[in-house]
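**Q** Sequence first, then the predicted structure:
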Amino acid sequence: MTQSMTAYRIMPVLTLLVLVSIGAFAQSDPGSRPAAPAAAAAEKQAGAKPGEGSPAAHSDGSYVIGANDVLAINVWKEPDISRSVPVRSDGKISLPLVGELQAGGQTPRQLEQEITKRLQSFISEPEVTVIVTDSKSQKVNILGMVARPGAYLLTSSTTVLDAVAMAGGFKDFAKQKSMYVLRQAADGTQQRILFNFKEVIKGKNPEQNIRLQAGDTVVIP
């Protein structure tokens, strides 16, 4: 009776030891488990053609590249050309073999086509991907008597009212009737666009609630 009970107690312990040993062996064998997510992603990126594994690369065909944006330019199977480049203040970038070209004012898709065209003299059927990794040009400045003044990322539908909301609303004593937007005109002059918050929220002069453009500055005195 005593031997049977002893064996009954030992069996679970032996089973547990066997299971632990099997698990340790499986972990020590690299071929028995899938690659780490980061490594798998890196391998996929290295071997994938442009656009594969990165569906968002061309998701916004309306985005216009501007000065100070940072672009990730990938030429498939050409690591010496692929790189991350900032757009200079004059809107231009430089790439090996491609040389200097205008990026500002173009969409990523248009820039891809231009780079592809220039590389065709050196590479057979080049495949190019351009992704905006840091959108520094599409921003609006909100200054003055608001809770969080600063620079904010601009979307195609951001209005003056949206800007006030993004900045956390007005501080006490803000002159809501005397707001204005500073905008740089094409000829280099600065335009001052008035905005009366009190009137707009009452439905008066809704045309004052304009859509903001990159580089605009909203001022709340």
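**A** Arrived safely. Numbering: from 1, shown residues only.

**Q** thought Val181 was touching Thr159?
**A** No. In terms of Cβ atoms under 8 Å, Val181 does not count as a neighbour of Thr159; the distance is 10.3 Å. For glycine as for every other residue, the C-beta is placed from the backbone atoms N, C-alpha and C.

**Q** worst-scoring helix or strand of this structure, pLDDT-wise?
**A** Averaged element by element with mean pLDDT, DSSP states H and E, the chain has its least confident helix or strand at helix 37-47 (a mean of 36).

**Q** Need the overlap of contacts for Val181 and Thr159.
**A** The contact sets of Val181 and Thr159 overlap at 210, 212 (Cβ atoms under 8 Å, 6 or more residues apart in numbering).

**Q** okay, the helix or strand following the least confident helix or strand of the chain in CSV with CA atoms only?
**A** Once helix 37-47 ends, the next helix or strand along the chain (criterion: DSSP states H and E) is strand 70-75. The C-alpha trace of strand 70-75 is given here as CSV (Å, rounded to 0.1, in the frame of the first residue of the first chain):
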residue,chain,number,x,y,z
VAL,A,70,11.4,63.9,-44.6
LEU,A,71,11.1,61.3,-47.4
ALA,A,72,11.9,57.6,-47.3
ILE,A,73,12.9,56.7,-50.9
ASN,A,74,13.3,53.0,-51.6
VAL,A,75,14.6,51.6,-54.9
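
**Q** Lys77 versus Leu212, what's the distance?
**A** Using Cβ to Cβ, to the nearest Å, Leu212 is found at 41 Å from Lys77.

**Q** Please identify the helix or strand for the residue nearest the centre of the chain.
**A** Using Cα atoms, centre = their mean, the residue of the chain that lies closest to the mean C-alpha position is Thr133, 4.7 Å off. Element membership for Thr133, per DSSP H and E: strand 128-134.

**Q** The helix or strand that comes right after that strand pairs with which strands, parallel or anti?
**A** Stepping forward along the backbone from strand 128-134, the first helix or strand reached (DSSP H and E) is strand 139-144. In the sheet containing strand 139-144, its partner strands are strand 150-153 (antiparallel), strand 217-220 (parallel), by DSSP bridges.

**Q** circling back to that earlier point, which of Leu212 and Lys77 has more neighbours?
**A** The residue with more neighbours, out of Leu212 and Lys77 and counting by other Cβ atoms under 10 Å, is Leu212; that gives 25 against 13.

**Q** wait, isn't that one in contact with Val140?
**A** Yes. Taking Cβ under 8 Å as the contact criterion, Leu212 and Val140 are neighbours in contact, 5.0 Å apart.

**Q** which residues do these two both contact?
**A** Residues touching both Leu212 and Val140 (Cβ under 8 Å, 6+ apart) are 154, 158, 163, 218.

**Q** mind listing which of those residues are in strands?
**A** When strands are assigned by DSSP state E, the members of those inside them are Val218.

**Q** Go through the shared contacts of Leu212 and Val140 and give me the one with the most neighbours.
**A** For the shared contacts of Leu212 and Val140, neighbours were counted using other Cβ under 10 Å, and Val218 has the most, 26 neighbours in all.

**Q** Please tell me how far the closest residue to Glu114 other than its chain neighbours sits from Ala67.
**A** Taking Cβ to Cβ, 6 or more residues apart in numbering, and ignoring the residues beside it in sequence, Glu114 has Leu101 as its nearest neighbour in space, at 6.1 Å. When distances are taken as Cβ to Cβ, Leu101 and Ala67 turn out to be 14 Å apart.
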